[in-house]
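Undergrad: Kindly return the folded structure for what I paste below:
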Amino acid sequence: MIDKPAIDLAVGQALNRLRMERGLTVTSLATRAGVSPAMVSRIEKAQVSPSLATLSALAGALSVPVMALLAEHEQAADIYYVKEGQGLPSRRVTPDHSHDYLLLGKHGGPGGRFDAARIRIEAADAGTLPGYQHEGYAFIHVLSGAATYRCGGEVIPLGPGDSVSFDAKLPHGFAEITGDHIEFLTVTSRPA
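TA: Now for the predicted structure:
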């Protein structure tokens, strides 16, 4: 059985996480729920045990069941399982380039954002390869084909089995598809 302080801590953490995921301030959540901002703050800090009526009002304001505020976070986490060859078909389009890819996983919340994809770019269809730059980190692992990858001032030759990871604030992107295609796994993270 969970003792009272642990329950208060779990409720406070769940409330904070749900509020942040929705981009709400303490005041805006309090207004929606019809409680004081001080009460929301005290609940998030596990300084008070909220009544069932308060929990119900907060859950309603967050559009979640009351149980979402009582569940331990580990039990409420999303898990995505993708069988080989499957994923969410997606398409990247820029003015002179497009390619299809399979989105393999995507998570986001107050801690940041994470995306994973399997991408194949045919040299014949590459056009002008897009460049990227953002906060966070990136990882690429080549499955087949060959290309050069630009990362800051470096140009890195990539082939099957090669990997590169880097701080994504550097300008980055494929410089040239040097074989008939490049197929790779990519994982990116971005801060909240």
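Undergrad: All the helices of this structure, residue numbers only.
TA: 4-21, 26-33, 37-44, 52-62, 67-70 (DSSP state H).
Undergrad: Tell me which of these lies nearest to residue 126.
TA: helix 4-21 (37.1 Å; Cβ to Cβ). (C-beta placed from N, C-alpha, C; glycine too.)
Undergrad: what angle do that closest one and helix 37-44 make?
TA: 120 degrees (axes from the mean of the first three to the mean of the last three Cα atoms, to 10 degrees).
Undergrad: quick one: the residue nearest the centre of the chain and residue 170, what's the gap?
TA: Nearest to the mean C-alpha position of the chain, counting by Cα atoms, centre = their mean, stands residue 113 at 2.4 Å. Residue 113 sits 18 Å away from residue 170, going by Cβ to Cβ, to the nearest Å.
Undergrad: Kindly report the same for residue 88.
TA: Counting by Cβ to Cβ - residue 88 and residue 170 are separated by 28 Å.
Undergrad: quick one: contacts for the closest residue to residue 42 other than its chain neighbours?
TA: For residue 42, ignoring the flanking residues on the chain, the nearest one in space by Cβ to Cβ, 6 or more residues apart in numbering is residue 48 at 4.4 Å. By Cβ atoms under 8 Å, 6 or more residues apart in numbering, the contact list for residue 48 reads 8, 39, 42.
Undergrad: that older thread, so the residue nearest to the centre of the chain sits against residue 135, correct?
TA: No. Residue 113 is beyond contact range of residue 135, at 10.1 Å (criterion: Cβ atoms under 8 Å).
Undergrad: What pLDDT is listed against the closest residue to the residue nearest to the centre of the chain other than its chain neighbours?
TA: Distances taken as Cβ to Cβ, 6+ apart place residue 190 nearest to residue 113, at 4.5 Å, with adjacent residues excluded. pLDDT recorded at residue 190 is 89.
Undergrad: Same check on residue 142?
TA: 96.
Undergrad: And it, how far from residue 159?
TA: 6 Å.
Undergrad: sorry, back to before: tell me which of the helices of the chain approaches residue 118 most closely.
TA: That would be helix 4-21 among the helices of the chain, by Cβ to Cβ, at 26.9 Å.
Undergrad: wait, what's in contact with residue 166?
TA: So residue 166 contacts 137-138, 151-152, 172 (Cβ under 8 Å, 6+ apart).
Undergrad: let's go with 6 Å and repeat that
TA: Neighbouring residues of residue 166 by Cβ atoms under 6 Å, 6 or more residues apart in numbering: 138, 151.
Undergrad: ok so, going back, ok, so of the contacts of residue 48, who is nearest residue 181?
TA: Nearest member of the contacts of residue 48 to residue 181, counting by Cβ to Cβ, is residue 8, at 55.4 Å.
Undergrad: Name the nearest residue to the closest one, ignoring sequence neighbours.
TA: Residue 8 sits nearest to residue 46 (Cβ to Cβ, 6+ apart), 4.1 Å away.
Undergrad: wait, isn't that neighbour in contact with residue 9?
TA: Yes. Using Cβ atoms under 6 Å, residue 46 makes contact with residue 9 at a distance of 4.4 Å.
Undergrad: That's all I had, so thanks and see you.
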